[in-house]
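Student: Got a predicted structure plus its sequence, pasted below:
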Amino acid sequence: MISLGPPVQIAYADSDIFRGVDKWIKDFGAGPFFIAEHIPIKNVIYRGHPSELDITVAYGQWGEIMIELVQDNGEGPSIIRDLYPPQKSGLHHLAYFVKDMDLVSAKLVEEGYVLAMSGQAGENRFQFFDAISEMGHFIEIYEPIESLKYLYERVRSASINWDGSDPLRIR
């Protein structure tokens, strides 16, 4: 098995991202959250076929790890709907930084994981592998490019000594 190292993010599908953010802040002490609505994603390939994905996300810090809440705004097949029908929520994926996405991707496929979706948001390429039967969720991989490292640091820094004010911020 390829060693992915520790995850950098835990992601949950959430049918109502604003309710989800409120719950994570109140019940688990995560936050603050940065929201990005209708993220433009290009070059989406879902289970081998060109597709579209319309998502809204919120990023917050929970201790040493980033929490991502993902809301599927679309109506067609997606990796969100692979696990949860509309109005249902739960653990969706663990995300990992990898130095060479193409190499890690090939090794994951070689080990039997199916590439469920790939796409690109800005300059960030990402891939999701189906690990549902083994782990109950997807695995996401992406390379630690500067814009992603900046996002992770921005979210982490905002959580340091956070007093609960301004809990939801525009990304």
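Tutor: Noted; the coordinates are in hand. Numbering: from 1, shown residues only.
Student: and the longest helix belonging to the chain, what's its mean pLDDT?
Tutor: As assigned by DSSP state H, the longest helix anywhere in the chain is helix 146-159. The average pLDDT for helix 146-159 rounds to 96.
Student: Begin at 565 from now on, thanks
Tutor: Will do, 565 is the new start, and the previous item becomes helix 710-723.
Student: Give me the buried stretch members for the helix or strand that it is followed by, please.
Tutor: The element immediately downstream of helix 710-723 (helix or strand, assigned by DSSP states H and E) is strand 732-734. For strand 732-734, the neighbour count (16 or more other C-beta atoms under 10 Å) marks 732-733 as buried. C-beta here means a position set from N, CA and C on the backbone, and glycine is covered the same way.
Student: show me what contacts the closest residue to Ile609 other than its chain neighbours?
Tutor: Closest residue to Ile609 apart from its sequence neighbours, by C-beta to C-beta, 6 or more residues apart in numbering: Ser682 at 4.9 Å. The contact partners of Ser682, by C-beta atoms under 8 Å, 6 or more residues apart in numbering, come to 607-609, 689-692.
Student: who does the host helix or strand of Ser682 pair up with?
Tutor: Using DSSP H and E, Ser682 sits within strand 678-685. According to DSSP bridges, strand 678-685 has the following sheet partners: strand 606-610 (antiparallel), strand 688-695 (antiparallel).
Student: all strands of the chain, in order?
Tutor: Per DSSP state E, the chain carries strands over the ranges 573-577, 597-600, 606-610, 613-614, 619-626, 629-636, 654-661, 678-685, 688-695, 701-706, 732-734.
Student: Would you convert those into JSON lines that also reports mean pLDDT?
Tutor: Formatted as JSON lines, those follow (pLDDT from 0 to 100):
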{"stretch": "strand 573-577", "mean pLDDT": "98"}
{"stretch": "strand 597-600", "mean pLDDT": "97"}
{"stretch": "strand 606-610", "mean pLDDT": "97"}
{"stretch": "strand 613-614", "mean pLDDT": "97"}
{"stretch": "strand 619-626", "mean pLDDT": "97"}
{"stretch": "strand 629-636", "mean pLDDT": "97"}
{"stretch": "strand 654-661", "mean pLDDT": "97"}
{"stretch": "strand 678-685", "mean pLDDT": "97"}
{"stretch": "strand 688-695", "mean pLDDT": "97"}
{"stretch": "strand 701-706", "mean pLDDT": "98"}
{"stretch": "strand 732-734", "mean pLDDT": "90"}
